[in-house]
Every structure is written in C-alpha cells, then in structure tokens.
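Quick one: sequence plus predicted model below, questions after.
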Amino acid sequence: MRPCLFLDRDGVINVAAEPGCYIESWEQFQLIPQVVDWIRLCNELGLLVIVVTNQRGVALGRMTENGLGEIHRMMIAELERLGARVDDVFYCPHHEGECDCRKPRTGMVREAARKWDIDLTMSILVGDSESDRSVARQLGMRFVPVVDGRVKGVEVPKSSSVARTAA
Ligand SMILES: [Mg+2]
Ligand SMILES: [Zn+2]
C-alpha cells in the first residue's frame with residue numbers, strides 16, 4: 001500500500017471561481033504556483049498525487065464532461081511541463097445528494113484508494129473547504145487547509161499517534 005497526496009482542485013491547484021460560478025474552460029484556469037512545488041516534492045518521494053474535485057457545473061449544464069476532461073488534460077500537461085506529475089484525477093459531475101462521490105461524501109477518495117492501493121492513514125488531503133475537511137475526518141486522514149496557496153496547518157485525526165503540527 002502506498003501513501004498519497006490528495007489535492008482538491010478549485011482553490012488548491014487553480015484559483016477558484018466566484019461562488020455560483022464554475023471554471024468552464026482552460027482559458028479560465030489560473031494555476032496557483034505553490035502547488036507545483038508540493039507536487040514535485042511528492043513525486044520525488046514516490047508518493048501518489050491524485051486530484052479529487054466536485055464539478056457540479058456538469059450536472060448544471062455549464063460544461064460537458066468532455067469539456068471538463070479537456071480542462072484536466074490541459075492541467076496535467078501544464079503541470080507536467082513545470083515538472084510536476086499528477087497520477088490521476090477523480091471528479092464528481094453530479095448534483096448534490098444524488099451520488100456517493102460528491103464531497104463531503106467519500107466515494108472519490110475511496111475509489112482512488114481501491115484503484116491505487118492507497119494507505120489512507122498515511123495520506124494527506126489538501127483542500128480549501130469544509131467538505132474537504134469532512135472527507136479527511138471521515139476517512140481518518142490528515143487534512144491540510146490551504147488559503148491562497150498557503151498551508152495553514154496540518155490537522156491530524158484524533159485517533160492518530162502522529163503529533164499535531166502547525167504551519
Ligand atoms: Mg476547493
Ligand atoms: Zn458524484
């Protein structure tokens with residue numbers, strides 16, 4: 001089993017859209033530069049790097065699943081160009097309450113863990129929202145809140161013996 005760096009997308013990898021708005025095309029995708037270095041370090045250590053992102057804009061008809069896939073292909077290519085490898089992307093295209101994958105539900109992380117044989121207790125979820133924190137808590141993972149590309153701390157699950165650290 002392997003550890004993994006799980007990354008939320010909007011607000012972590014790219015500047016989030018305004019509330020109620022969505023990143024609907026690559027032209028709107030604005031990379032947050034700090035994430036490149038985090039990914040590179042994890043690559044160097046042999047950790048998996050996997051994106052888990054809610055994209056309800058698909059369910060709302062603001063973009064197609066193909067369009068979203070194109071944004072993710074461009075994102076992976078741009079990060080690759082900068083020396084940072086993303087191993088996989090999981091997204092939820094659904095409305096709230098109709099699936100098991102939309103965060104704060106845990107389906108995406110659990111599916112990734114099955115596919116890649118990930119040890120969640122050794123993994124980290126980096127996110128900018130309460131739903132990210134909730135996923136990490138439910139699965140006994142460390143949660144790293146970020147704001148504008150800055151790590152605000154490391155929240156360790158209560159049951160863990162790992163010491164709490166502050167940024
Ligand atoms: Mg986010
Ligand atoms: Zn879903």
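Received the coordinates, thanks. Ligands and ions are numbered 1, 2, ... in the order given.

Spell out which parts of the protein neighbour ligand 1.
Within the chain, the positions near ligand 1 by Cβ under 5 Å from the ion are 8, 10-11, 128-129. Where you see a C-beta, it was placed from the backbone N, CA and C, and this is true even at glycine.

Asn54 touches Tyr91, doesn't it?
Yes: between Asn54 and Tyr91 there is a contact under Cβ atoms under 8 Å: 7.5 Å.

More neighbours: which of these two?
Set Asn54 next to Tyr91 and count neighbours by other Cβ atoms under 10 Å: Asn54 wins out with 23 against 20.

Look up how far ligand 2 lies from the residue of the chain found nearest ligand 1.
Nearest residue of the chain to ligand 1, counting by Cβ to the ion: Gly11, 3.6 Å away. For Gly11, the distance to ligand 2 (Cβ to the ion, to the nearest Å) stands at 19 Å.

could you pull out the strands for this protein?
Using DSSP state E, the strands assigned to the chain run over residues 4-7, 48-54, 88-92, 124-127, 142-147, 150-151.

Would you pull up how far the last one lies from the middle of the chain?
Taking the mean of its C-alpha atoms, strand 150-151 sits 14 Å from the chain's own mean (Cα atoms, centre = their mean, to the nearest Å).

helices or strands up against it?
Using 3 or more Cβ pairs under 8 Å, 6 or more residues apart in numbering; DSSP states H and E, no helix or strand is in contact with strand 150-151.

one step back: who touches the residue of the chain closest to ligand 1 in this structure?
Residues in contact with Gly11 (Cβ atoms under 8 Å, 6 or more residues apart in numbering) are 127-129, 146.
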